[in-house]
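S.K.: the sequence isn't on hand, but the structure is:
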């Protein structure tokens, strides 16, 4: 593997304000020309998807955007694209751990967070000497992620102010594809229409919680089937009302458990009020079933605990697979 990371900069997504960048200077004309394209990208990054690459004719530009911040790097032509995205991902994690959204939003002058250059330089040195990287698992994960959700390839024409764009910010004549730098240009890698996290990529705790959540939903449905099989004839009229209420609560609890397991599988790390609401509703349903004498306290506690753990795991994410949005 050859090539180097030459330059990196961090900008605010909404207006392209530079927050930090590498301060070393390469006076070569080709590098200066590619840096101009990087600055144009920083102004237009909000118009493109959250992960893109562009070839300037001399260098590769890669950028990712998340949480209102854009991370851009310029690499030599022979540098691995997967390593470039690993580099950007590490910068993103470090930056988010040091600066909150308020600090980014309140920045009023260029390079207000230039002190982050120290971390950029250290990270760049490690990625320019891959033999010192202790990131085999990270490289493997990023390789898989890039293949599952390929970055968009943009062209210089896409940066032109007169370029025609569709609603997604991509030129009408441009077909986004992903081709790693170290792959042949003729290799055809199809763009997936809908990214879903493979179950095998979840960590052990997420897998366990998915299983327990599905189990809770299945137990609720089994309880309903037991009542339907037994019939409602032994019940008095007043008791039939309680049975109907209990069955409704069981159905709601079952659907919520299945919903939680599905979202944990496909959207781990994405924070949503709907996940919190689902957790609260599961607890309410189980408490109501306990008050109706249709569920033991221990059983109600188990179902509620699983719901709480699933909601917590959704917010905590998984160390084995990136958010991405990323989206971030």
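M.R.: Thanks, I have the structure now. Computed from a predicted model, the values in this text were never measured in an experiment.
S.K.: in this structure residue 224 contacts residue 249, no?
M.R.: No. Between residue 224 and residue 249 there is no contact, the gap being 10.0 Å when judged by C-beta atoms under 8 Å. Where C-beta positions appear, they are placed from N, C-alpha and C, glycine not excepted.
S.K.: and the longest helix seen in the chain, what does it pack onto?
M.R.: Using DSSP state H to define each element, the chain has its longest helix at helix 237-266. Packing contacts for helix 237-266, counted by 3 or more C-beta pairs under 8 Å, 6 or more residues apart in numbering; DSSP states H and E, involve helix 204-230, helix 273-291, helix 297-316.
S.K.: which ones are touching the residue nearest to residue 276 when sequence neighbours are not counted?
M.R.: The shortest distance from residue 276 to any non-neighbouring residue, by C-beta to C-beta, 6 or more residues apart in numbering, is to residue 311 (6.0 Å). Contact analysis of residue 311 by C-beta atoms under 8 Å, 6 or more residues apart in numbering lists 260, 275-276, 278-279.
S.K.: ok, residue 219 next?
M.R.: residue 303.
S.K.: let the chain start at 595 from now.
M.R.: Got it, the first residue is 595 from now on, which makes the last one we talked about residue 813.
S.K.: low-confidence ranges, this protein, go.
M.R.: 595-596, 620, 724-733, 735, 754-796, 821, 823-832, 861-866, 911-922 (pLDDT under 70).
S.K.: what residues go with each domain of it?
M.R.: By the assignment in automatic domain parsing, the chain contains the domains 599-753, 793-910.
S.K.: one step back: mind checking which of the contacts of residue 905 are buried?
M.R.: Buried members of these, counted by 16 or more other C-beta atoms under 10 Å: 854, 869, 872-873.
S.K.: follow-up on the earlier one: so between residue 818 and residue 843, which is more surrounded?
M.R.: The residue with more neighbours, out of residue 818 and residue 843, is residue 843; 20 against 16, by other C-beta atoms under 10 Å.
S.K.: and that one, what does it touch?
M.R.: Residue 843 neighbours (C-beta under 8 Å, 6+ apart): 879, 882-883, 886, 888.
S.K.: how about residue 839?
M.R.: Here residue 839 is in contact with 882, 886 (C-beta under 8 Å, 6+ apart).
S.K.: hmm, try it at 10 Å
M.R.: Residues near residue 839 by C-beta atoms under 10 Å, 6 or more residues apart in numbering: 882-883, 886, 888.
S.K.: most neighbours, which of the contacts of residue 843?
M.R.: residue 879 leads the contacts of residue 843 on contacts (other C-beta under 10 Å) with 26 neighbours.
S.K.: neighbours of residue 845, how many?
M.R.: By the measure other C-beta under 10 Å, the count of residues near residue 845 is 14.
S.K.: distance of it relative to residue 813?
M.R.: Noted for residue 845: a distance of 13 Å to residue 813, by C-beta to C-beta, to the nearest Å.
S.K.: report the buried residues of stretch 661-670.
M.R.: 661, 663-670.
S.K.: among those, which lie within strands?
M.R.: Here DSSP state E is the test, and those give 663-670 as lying in strands.
S.K.: wait, which of these is closest to residue 695?
M.R.: When those are compared for distance to residue 695 (C-beta to C-beta), residue 663 wins out at 8.8 Å.
S.K.: wait, doesn't that closest one sit right on residue 610?
M.R.: No. Assessed by C-beta atoms under 10 Å, residue 663 is found out of contact with residue 610, at 11.2 Å.
S.K.: what residues are shared contacts of those two?
M.R.: Taking C-beta under 10 Å, 6+ apart as the contact rule, residue 663 and residue 610 both touch residue 639.
S.K.: and the residue nearest to residue 870, how far is that from residue 858?
M.R.: 9 Å.
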